[in-house]
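Undergrad: give me a model of this one.
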Amino acid sequence: MIIDIWRDDIKSYIYFISSMSQEKMYGGLSSKSDLMGGIFDRWINIISEGAIFNKYFLKKISPKYKVISDFYRYNPINIGIAPDLLGIRTSHKDIPFAKFGQNGWMPYKNAPQIEVKTFKKDQYLVSLRNQHYDGKYLVLLQMFLNPAYLVPFFSKDIFSCKVYSSLKMNNKVFIEEGFSKEMKQTPKIIKDKKIGTLELIRVTTANEFMNCCDLCGPKISPQYIKTIDITRKLNNPREVIKMSTLCDLKGKLFTFNERWYKLQKNKSIKTLSWKITNIDQIEVIKITGSSISINALADGISINNIELSAGNSYLIKFGLLDRSGANGAEYFMHKSIIEVVDEYEEEMILKIKEHIENEKG
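TA: Purely as a prediction, here's the structure:
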């Protein structure tokens with residue numbers, strides 16, 4: 001399910017993010033004094049919150065409903081952060097899902113509490129730091145933004161024909177004869193009102209997600225599968241190890257055990273759990289710090305939903321997300337196997353609908 005994001009979908013979020021450059025940022029909002037470009041890089045993911053509710057979830061209840069986002073300015077270190085679904089605007093009234101008071105942001109009556117986590121399309125992992133998310137629904141999204149996503153918001157006169165013509169360079173003056181192919185003129189900018197796309201990965205609960213993930217403690221870096229490719233057979237390997245002796249089945253995934261970590265030189269990593277079928281027919285022939293070589297002994301083998309063929313050898317290359325400077329704990333899972341997490345979309349939408357109906361009176 002792909003949702004297109006257009007200029008008019010996110011105007012309020014662009015205004016809100018732009019406002020942050022008008023005054024000194026709170027410590028909890030920015031780790032350093034950013035110019036506007038840095039602020040947008042840090043905050044642009046919030047546009048996904050309104051888009052997924054307005055263009056998908058709420059349409060299943062009523063096309064007249066609109067999400068109310070958190071556009072307050074405050075220091076989250078002192079009072080916490082509002083849930084990502086703060087309220088719903090109906091044709092008659094604004095219905096809160098949380099309210100701020102003496103104890104900070106608190107759920108309003110029986111309203112479902114929902115957190116939205118957005119990841120880039122090219123990211124391999126989904127993750128969560130448990131910031132009091134127990135009991136909350138979790139919406140996982142991946143977003144692709146056009147590299148020039150801010151261009152539609154610039155004034156028209158900046159991209160006028162007059163300005164474009166002023167950028168034309170005189171090759172005869174600045175380039176010696178025969179070298180003009182090395183230099184290119186500034187291309188003409190096309191203002192596309194489509195900002196990007198949004199894809200729903202999963203609706204689950206924070207507790208279900210954390211139960212299926214691997215927890216990386218402070219300064220522990222997750223090691224994950226980056227690629228699986230057929231490779232040449234390794235003749236006369238020094239030692240052959242059954243894959244089933246290196247990991248144990250935990251729920252729907254295989255988690256690496258003590259024997260695996262004894263073979264690892266880097267003791268500050270956590271190899272993320274794999275989804276494996278027919279594990280008894282996989283033999284490990286070589287392990288390095290950044291890869292593992294295996295033989296597939298039969299058909300019907302898959303690793304993280306990648307099918308392997310009998311009689312072939314494969315090189316599995318690892319990626320590493322450096323958390324050597326992280327002081328907190330974080331839950332991680334490879335994005336390709338998110339289907340192992342139980343789905344709660346229908347339940348969440350029903351809870352939203354019930355709360356709205358109860359408050360409409």
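
Undergrad: center of the chain - which residue?
TA: Computing the C-alpha centroid of the chain and ranking residues by Cα atoms, centre = their mean puts Phe119 first, at 1.5 Å.

Undergrad: list the contacts of the nearest residue to Ile201 once chain neighbours are set aside.
TA: Once its chain neighbours are removed from consideration, Ile201 has its nearest residue in Leu140; the separation is 4.1 Å (Cβ to Cβ, 6 or more residues apart in numbering). All C-beta atoms are positioned from the backbone trio N, CA, C, and that covers glycine. For Leu140, the contacting residues are Lys117, Phe119, Val126, Leu200, Ile201, Arg202, Val203, Thr204, Phe209, Ile338, taking Cβ atoms under 8 Å, 6 or more residues apart in numbering as the criterion.

Undergrad: could you rerun that using 6 Å?
TA: Contact criterion Cβ atoms under 6 Å, 6 or more residues apart in numbering gives Lys117, Val126, Ile201, Arg202 as the residues in contact with Leu140.

Undergrad: direction included, what does the one helix or strand the second one maps to pair up with?
TA: Read that as Val126. Take DSSP states H and E as the rule and Val126 turns out to sit in strand 125-128. In its sheet, strand 125-128 lies beside strand 330-334 (antiparallel), with partners assigned from DSSP bridges.

Undergrad: could you pull out the buried residues of whichever helix or strand comes after the partner strand?
TA: For strand 330-334, the following helix or strand on the C-terminal side (DSSP H and E) is helix 345-360. For helix 345-360, a neighbour-count test (16 or more other Cβ atoms under 10 Å) marks Glu345, Met348, Ile349, Lys351, Ile352, Lys353, His355, Ile356, Glu359 as buried.

Undergrad: so who does the third one touch?
TA: Right, the one you point to is Ile349. For Ile349, the contacting residues are Phe57, Lys60, taking Cβ under 6 Å, 6+ apart as the criterion.

Undergrad: point out where this protein drops to low pLDDT.
TA: In the predicted model, the chain carries pLDDT under 70 at residues 24-34, 236.

Undergrad: tell me the domain ranges of it?
TA: In the assignment given by automatic domain parsing, the structural domains of the chain cover 2-150+193-212+338-360, 218-320.

Undergrad: could you dump the ones you listed to JSON lines with distance to Leu167?
TA: What follows is these, written out as JSON lines (distance: least, Cβ to Cβ, whole Å):
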{"stretch": "domain 2-150+193-212+338-360", "distance to Leu167": "16"}
{"stretch": "domain 218-320", "distance to Leu167": "40"}
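
Undergrad: alright, calling it a day.
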